[in-house]
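> Sequence first, then the predicted structure:
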Amino acid sequence: MFETLTDKLQRAFKNLRGQGKLTAEHLDAALGEIREALLEGDVNLGVADEFIAHVREKALGSDVLLQLSPDQQVVKIVRDELAELLGREAKPQFGSRPSVWLICGLQGSGKTTSTGKLGKWLAEHGHRPIVVSTDVYRPAAREQLAQVAKATGTPCWPGTGTDKPVEIVRGAVREAKLSASDVILVDTAGRLHIDDELMNELSTLKRELNPTEILFVADAMIGQDAVRSAGEFHKRLGVTGIILTKMDGDARGGAALSIRKVTGAPVKFVGVGEKYDALEPFVPDRIVGRILGMGDVLGLIEKAQKNIDEKQAREMERKLRENEFTLADFRDQLQQIRKMGSMEQLMGMLPKVGPFAKIPKDAQIDEKQLKSTEAIINSMTAAERANDNLIDGKRRKRIARGSGTTVQEVNQVLKQYADMRKMMKQYGSMAKMKMRGLGKLAGLK
């Protein structure tokens, strides 16, 4: 999401390198580029101007960091100001049981999907959520939530027998108490625009439920429109947090940077994909790191810990060390990497420095190639996967037919595998292999 903003900021910092001292002229030139980068990234104009003013004031008045080069001074100040702009990490709140989280937003922002994702996230963190929809206007809205809840394994209160939102939530509260659910997620109705009817209904639900959280769901793809809508909801309802959806898309990222400053409400969760487990707490420091090209290595490690089996990883390391790495192991490793998320998302979490700086920014990450590689290996016999020397020309044709690929593609997979074995023999550890071989595994072109 922040790729354009990151590139422009990197260019501004690069222009400061080699300067012996940070002068007002150098600073003004760099800040002009940074301001342009923020505005092109769809950051609110007032927020961008205030941000630049703070950076200029701190940079010119700074005598603490004179030992740093000009670009390092500006990067440090910009980093601190971005962290201040995004605010501290705002953790979700839980009150007396059952806690009520009111999920609101405009129609089409992703409320229902986000409600399902929140249910899954809460269950994974030791809670017992129940979901309910009060959208009695949109056809099949309650049925949609029921399907999402089924997919995520979250209990759902259907609210059958009534079309009155207040009665529906009262039934959900009773059910939550009977079933010992500790969080009620209320998926409210939306509109294509803000109107009094919608706000009056939400205000009535707020009085009835006294929610611990009022979470506004904003589509990050619509930029400043999402910020303005969030501001209106906050004025009328007192929003306690924001859920930004589609943060994995190609939006310019300005909404994420502007929304807290404009609304006063912190971003608490971000949607980073279509799958129901693609919801993450919003951690400002990590977002700042990614914007500045420093990556989110900690987030990458957490994904690995969550999705990669430790026992299997140890066994893989032993096989690599003892040169027993087979095609079946190659396939299994690809599957484990795919569990961590899309390759484009993973590559975006790597710092744009050191060995990763050489990865071209326009590199295409072909997810289909990973699936094709798996299909080719799955079309081999167990003996062939254990010993690739058995795979002659006749067998390659058979494997190509079985996997719906060409002999050339089979040859390419076998070459990748052979190259990796050589690499393993040379470096002798799984960690180094992942660092040097990730581009090849991802299908970078």
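The structure has been received and is ready for your questions. Numbering: from 1, shown residues only.
> May I have the phi/psi pair for the spatially most central residue of the chain?
The centroid of the chain falls nearest to residue 272 when counting by C-alpha atoms, centre = their mean (3.2 Å). Residue 272 adopts backbone torsions of phi -120, psi 20, taken as degrees, to the nearest 10.
> There's contact between it and residue 247 in this structure, I believe.
Yes: contact criterion C-beta atoms under 8 Å: residue 272 and residue 247 qualify, at 5.3 Å. C-beta here means a position set from N, CA and C on the backbone, and glycine is covered the same way.
> gap between residue 326 and residue 370?
18 Å (C-beta to C-beta, to the nearest Å).
> what's near enough to touch the closest residue to residue 264 other than its chain neighbours?
In this structure, residue 264 finds its nearest non-sequential neighbour in residue 234, 6.4 Å apart by C-beta to C-beta, 6 or more residues apart in numbering. Applying C-beta atoms under 8 Å, 6 or more residues apart in numbering to residue 234 gives the contacts 216, 263-265.
> which ones among the residues you listed are found in helices?
Counting by DSSP state H, the part of the contacts of residue 234 found in helices is residue 263.
> Just confirm residue 81 contacts residue 50, I think it does.
No: using C-beta under 8 Å as the test, residue 81 is too far from residue 50 to be in contact (9.5 Å).
> These two: which has the busier surroundings?
A direct count of neighbours by other C-beta atoms under 10 Å for residue 81 and residue 50 places residue 81 higher, at 18 against 14.
> Would you map the helices across the stretch 51-200 of the chain?
70-86, 111-124, 141-152, 165-179, 196-209 (DSSP state H, counting those that start in this stretch).
> tell me which element residue 228 is part of?
helix 224-237 (DSSP states H and E).
> chain center to that helix: distance?
22 Å (C-alpha atoms, centre = their mean, to the nearest Å).
> Give me the buried positions along that helix.
Judged by neighbour count (16 or more other C-beta atoms under 10 Å), helix 224-237 contains these buried residues: 224, 226-234, 236-237.
> Mind picking the one among the residues you listed that's closest to residue 106?
Distance to residue 106, by C-beta to C-beta, is smallest for residue 229 among these, at 5.7 Å.
> where in the stretch 51-200 of the chain is pLDDT low?
Judged by pLDDT under 70, the stretch 51-200 of the chain has its weakly predicted residues at 61-72.
> let's see 80
59-76, 83, 85-89, 95, 192-193 (pLDDT under 80).
> Which residue, neighbours along the chain excluded, lies closest to residue 269?
Distances taken as C-beta to C-beta, 6+ apart put residue 243 closest to residue 269, at 4.6 Å, once the chain neighbours are dropped.
> Need the per-residue pLDDT for residue 430.
The confidence metric pLDDT takes the value 45 at residue 430.
> Please shift the residue numbers so they start at 25 in all later answers.
Noted, 25 is the first residue going forward, which turns the last one into residue 454.
> Angles on the backbone of residue 115, please.
According to degrees, to the nearest 10, residue 115 has phi -80, psi 150.
> That one and residue 307 touch, don't they?
No: counting by C-beta under 8 Å, residue 115 stays clear of residue 307, with 10.3 Å between them.
> quick one, which of the two is more surrounded?
Between residue 115 and residue 307, residue 307 has the larger neighbour count (other C-beta under 10 Å), namely 17 against 11.
> And the more buried one, how far from residue 163?
Distance from residue 307 to residue 163, by C-beta to C-beta: 38 Å.
> between the helix holding residue 252 and helix 220-233, what angle do the directions make?
With axes from the mean of the first three to the mean of the last three C-alpha atoms, to 10 degrees applied, the angle from helix 248-261 to helix 220-233 works out at 50 degrees.
> CA atoms only: put helix 248-261 into CSV for me.
This file holds the C-alpha atoms of helix 248-261, laid out as CSV (Å, rounded to 0.1, in the frame of the first residue of the first chain):
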residue,chain,number,x,y,z
GLN,A,248,-9.9,10.8,2.3
ASP,A,249,-13.6,10.0,1.8
ALA,A,250,-13.1,7.3,4.4
VAL,A,251,-11.5,9.8,6.7
ARG,A,252,-14.4,12.3,6.3
SER,A,253,-17.0,9.6,7.0
ALA,A,254,-15.1,8.4,10.1
GLY,A,255,-15.0,12.0,11.3
GLU,A,256,-18.8,12.3,11.0
PHE,A,257,-19.5,9.0,12.7
HIS,A,258,-17.1,10.1,15.5
LYS,A,259,-18.9,13.4,16.1
ARG,A,260,-22.3,11.7,16.2
LEU,A,261,-21.4,8.5,18.1
